[in-house]
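J.: Based on what follows, work out the 3D shape:
(one chain, ligands or ions: 2)
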Amino acid sequence: QFPRACVTPEGLGSAQCCPSPSALESDPCGARSGRGRCVDVRADARAHGPQYPYDGRDDRERWPRRFFTRTCRCSGNFGGFDCGGCAHGFTGDACERRVPVVRRNVMQLRAEEKRAFVNALDQAKRVPHPHIVIAPRRYSEMLAPDNSTTHFQNISIYNLFVWTHYYSVSKTFLGAGQDSFGGVDFSHEGPGFLTWHRYHLLQLERDMQDMLGDPSFALPYWNFAIGGSECDICTDDLMGARSSFDSSSISSNSVFSRWRVICESVEEYDTLGTICNSSESSPIRRNPAGNVARPMVQRLPEPQDVAACLELTAFDSPPFYSTSSDSFRNSIEGYSAPQGNYDPAVRSLHNLAHLFLNGTGGQTHLSPNDPIFVLLHTFTDAVFDEWLRRHSPDASIYPLENTPIGHNREFNMVPFWPPVTNAEMFVTAAENLGYSYEAEWPARPLTPTQIVTVAVVTALIVVAIIFAASTCAVRSRAYRTEGRQPLLGDQHQRYDDQDRTQSVV
Ligand SMILES: O=C(O)c1cc2cc(O)c(O)cc2[nH]1
Ligand SMILES: [Cu+2]
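T.: Ligands and ions are numbered 1, 2, ... in the order given. Coordinates of the predicted model:
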């Protein structure tokens, strides 16, 4: 995905993407007005993990230098591919104003807010992206033979969101007649899973803010950690109810029943070496809790699963992969248990929520075609943000090298533009990215020390009660044999006692 202004034969030939914010004059990156500068693109060259054994076979290696080696770096609060816009969380001509973008629980939106959100998604599905185009061909086939045109296509705002996720998980084409290599994933099964999906959502939210002309527009989230087998957001006023005629389709009362998916022809891409394009094909398939062949994925994650993964102290752990144990990232992604232990049979939290949808949303190359993907990932990002707030990790906690290709700290996340690294997303959202979550979190499980303390205090209270009760019992028994305390209402009795007591005193 690149700006339309950059994918001309000259642009690709020069490998420079430094457009001018104003169409009226040549002012690359708005340098004259101090908005930015055209600089060399720095690409991570550190070692990556053993999962990807090739070198120079995939356009995504050292992203984005296969395509462009110079691009805009914006200063201050300016942003965008030509620095003509603002960084996330800022607005105004000089990007001087902060905008409160608050992501809320979708179930707590008022009816008109739900309707507005559904309509905004449907508009984004139809409106072409104003600046970005996609390449349905690999670099080597991008220029037409006469070098006069290039194979790029317009794409809608929402379908771009689908395409970027597909491009990040697509296989490495090794040539006609050879199987494409599938052991590569630039957005899953590694520490970049959370940072990649965070930017993926940020780009969609920004594109929809621009489309609506509302810089405060926020994506809501779906708390999918509710247990049970009911998809509470699968209603016609939200993401669409189940069709009463076909349990794997969306009700025709929902606009999403009229959506058509992209990136479905994976066999063609893998055999011909082409790339998903913007043509749409079949309806969304969704059958929540309907996968009877996999009982494990017929129930949603539980609230305590979120509480448990938030207690894991290590962000990630070697081999920084889907086999890692005691890794917050591998637990929230869902390849290891919420408590941290890796088990190949486990699917928890984010992965379980995907698989629970049992259709388009559960297939990695297609999943964002189901708009539930947006809400599933804003909640996943909310848990990520809560972990960052509780554990306040230093930037160095994110692995610098030897992670699966695309997941190193300084790797520019594939295929986002302008280039953005995993490190830039490894920060708390409110203070650094201009958005926050309105969320409550399950009570934190007690630490062992706290459990011991509570036990000791409880024991002391019990002992004190027993001691008090026994003292009282002894006293009242002693009285019953020697002295008698007046029972309430027993006046005659009292005079006797008083005489006696006085005489004793
Ligand atoms: O099988 C899984 O664990 C699985 C499916 C799936 C789909 C998807 O879009 C993801 O982002 C992850 C994922 N994991
Ligand atoms: Cu996902």
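J.: who's in contact with residue 111?
T.: Counting by CB atoms under 8 Å, 6 or more residues apart in numbering, residue 111 touches residue 237. Every C-beta, even on glycine, is put in place using the N, C-alpha and C of the backbone.
J.: oh sorry, the question was meant for residue 358
T.: 248, 286-291, 297.
J.: ChimeraX command to pick out the buried ones of those residues?
T.: In ChimeraX, this line selects whichever of these come out buried by 16 or more other CB atoms under 10 Å:
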select :248,286,287,288,289,290,291,297
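J.: Which pLDDT does the model give whatever residue of the stretch 301-450 of the chain ends up closest to ligand 1?
T.: When scored by CB to the nearest ligand atom, the stretch 301-450 of the chain has residue 367 as its residue closest to ligand 1, at 3.0 Å. In this model, residue 367 is scored at 98, pLDDT.
J.: So it is in contact with residue 355, correct?
T.: No: Residue 367 is beyond contact range of residue 355, at 10.2 Å (criterion: CB atoms under 8 Å).
J.: so where is the protein shaky, pLDDT-wise?
T.: 483-505 (pLDDT under 70).
J.: Which elements pack onto the lengthiest helix in it?
T.: The residue-count maximum for a helix in the chain (DSSP state H) belongs to helix 448-481. On a contact count with 3 or more CB pairs under 8 Å, 6 or more residues apart in numbering; DSSP states H and E, helix 448-481 meets no helix or strand.
J.: Write out the residues of the protein neighbouring ligand 1.
T.: 188, 347, 351, 354-355, 362, 364, 367 (CB under 6 Å from any ligand atom).
J.: please redo it, this time with the cut-off set to 5 Å
T.: 351, 354, 364, 367 (CB under 5 Å from any ligand atom).
J.: Tell me which of the residues you listed fall in strands.
T.: Among the residues of the chain next to ligand 1, none falls in strands (DSSP state E).
J.: Turn those residues into a markdown table, columns for distance to residue 210.
T.: Converted to a markdown table, the residues of the chain next to ligand 1 look like this (distance: CB to CB, whole Å):
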| residue | distance to residue 210 |
| --- | --- |
| 351 | 32 |
| 354 | 28 |
| 364 | 28 |
| 367 | 24 |
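J.: Show me these that map onto helices.
T.: Going by DSSP H, the helices hold 351, 354 from the residues of the chain next to ligand 1.
J.: Go through the residues of the chain next to ligand 1 and name the one nearest residue 231.
T.: residue 354 (12.4 Å; CB to CB).
J.: pretty sure the closest one is in contact with residue 380, am I right?
T.: No: in this structure, residue 354 is not within contact of residue 380 by CB under 8 Å, at 10.0 Å.
J.: End to end on stretch 122-135, go ahead and measure it.
T.: In terms of CA to CA, to the nearest Å, the two terminal residues of stretch 122-135 are separated by 24 Å.
J.: returning to that earlier point: for the contacts of residue 358, give me JSON lines that also has distance to residue 91.
T.: Below are those laid out as JSON lines (distance: CB to CB, whole Å):
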{"residue": "248", "distance to residue 91": "42"}
{"residue": "286", "distance to residue 91": "36"}
{"residue": "287", "distance to residue 91": "41"}
{"residue": "288", "distance to residue 91": "38"}
{"residue": "289", "distance to residue 91": "42"}
{"residue": "290", "distance to residue 91": "43"}
{"residue": "291", "distance to residue 91": "44"}
{"residue": "297", "distance to residue 91": "42"}
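J.: Count the neighbours of residue 99 for me.
T.: 18 (other CB atoms under 10 Å).
J.: The spatially closest residue to it that is not a sequence neighbour: neighbour count?
T.: Closest residue to residue 99 apart from its sequence neighbours, by CB to CB, 6 or more residues apart in numbering: residue 215 at 4.5 Å. Neighbourhood size, residue 215 [other CB under 10 Å]: 19.
J.: Give me the phi and psi for the closest residue to residue 361 other than its chain neighbours.
T.: In this structure, residue 361 finds its nearest non-sequential neighbour in residue 370, 3.8 Å apart by CB to CB, 6+ apart. Backbone geometry at residue 370, expressed as degrees, to the nearest 10, gives phi -90, psi 120.
J.: coming back round to it: so who does the residue nearest to residue 99 touch?
T.: 91, 99, 101, 209.
J.: That one looks like it's in a strand, true?
T.: No: checked against DSSP: H, G, I helix; E, B strand; the rest coil, residue 215 lies outside a strand; its state is coil.
J.: thinking again about what came up before, what's near enough to touch the residue nearest to residue 361?
T.: Contacts of residue 370 (CB under 8 Å, 6+ apart): 239, 256, 284, 286, 357, 359-361.
J.: Can you tell me how far it is from residue 249?
T.: 12 Å (CB to CB, to the nearest Å).
J.: what's the answer for residue 463, then?
T.: 64 Å.
J.: of those two, who's got more company?
T.: Neighbour count, other CB under 10 Å: between residue 463 and residue 249, residue 249 has more, with 18 against 10.
J.: Just the buried residues out of the contacts of residue 215, in PyMOL syntax.
T.: Command for PyMOL that selects the buried part of those, burial taken from 16+ other CB under 10 Å:
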select buried, resi 91+99+101+209
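J.: And the strands in the stretch 1-150 of the chain?
T.: 2-3, 16-17, 36-40, 70-74, 78-79, 85-86, 90-91, 97-98, 101-103, 132-133 (DSSP state E, counting those that start in this stretch).
J.: And those strands: which comes nearest residue 390?
T.: Nearest of the strands of the stretch 1-150 of the chain (CB to CB): strand 101-103, 18.2 Å.
J.: need the helices for the stretch 251-400 of the chain, in chain order.
T.: Assigned by DSSP state H, counting those that start in this stretch, the helices in the stretch 251-400 of the chain fall at 266-272, 303-310, 328-333, 349-357, 372-391.
J.: Tabulate the ones you listed (CSV), appending distance to residue 278 and mean neighbour count.
T.: As requested, these are exported to CSV (distance: least, CB to CB, whole Å; neighbours: other CB atoms under 10 Å):
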stretch, distance to residue 278, mean neighbour count
helix 266-272, 14, 14
helix 303-310, 36, 20
helix 328-333, 29, 28
helix 349-357, 24, 24
helix 372-391, 18, 22
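J.: before we move on, the earlier item: distance check, the residue nearest to residue 99 against residue 449.
T.: On the measure of CB to CB, residue 215 and residue 449 end up 46 Å apart.
J.: same question, residue 236
T.: 49 Å.
J.: more neighbours, these two?
T.: The neighbour comparison of residue 236 against residue 449 (other CB under 10 Å) goes to residue 236, with 16 against 8.
J.: which residues does that one contact?
T.: 251, 253-254.
J.: again, only using 10 Å
T.: 118, 250-257 (CB atoms under 10 Å, 6 or more residues apart in numbering).
J.: cool, and residue 258?
T.: Neighbours of residue 258 in contact, by CB under 10 Å, 6+ apart: 122, 125, 250, 252, 283-284.
J.: Name the nearest residue to the residue of the stretch 1-150 of the chain found nearest ligand 1, sequence neighbours excluded.
T.: Distances between the stretch 1-150 of the chain and ligand 1 by CB to the nearest ligand atom are smallest at residue 51, namely 16.1 Å. Nearest residue to residue 51 in three dimensions, chain neighbours excluded: residue 404, at 4.7 Å (CB to CB, 6+ apart).
J.: and that neighbour, that one's in a helix?
T.: No: going by three-state DSSP, the assignment for residue 404 is coil, not a helix.
J.: my read: it touches residue 196, true?
T.: No: assessed by CB atoms under 10 Å, residue 404 is found out of contact with residue 196, at 11.7 Å.
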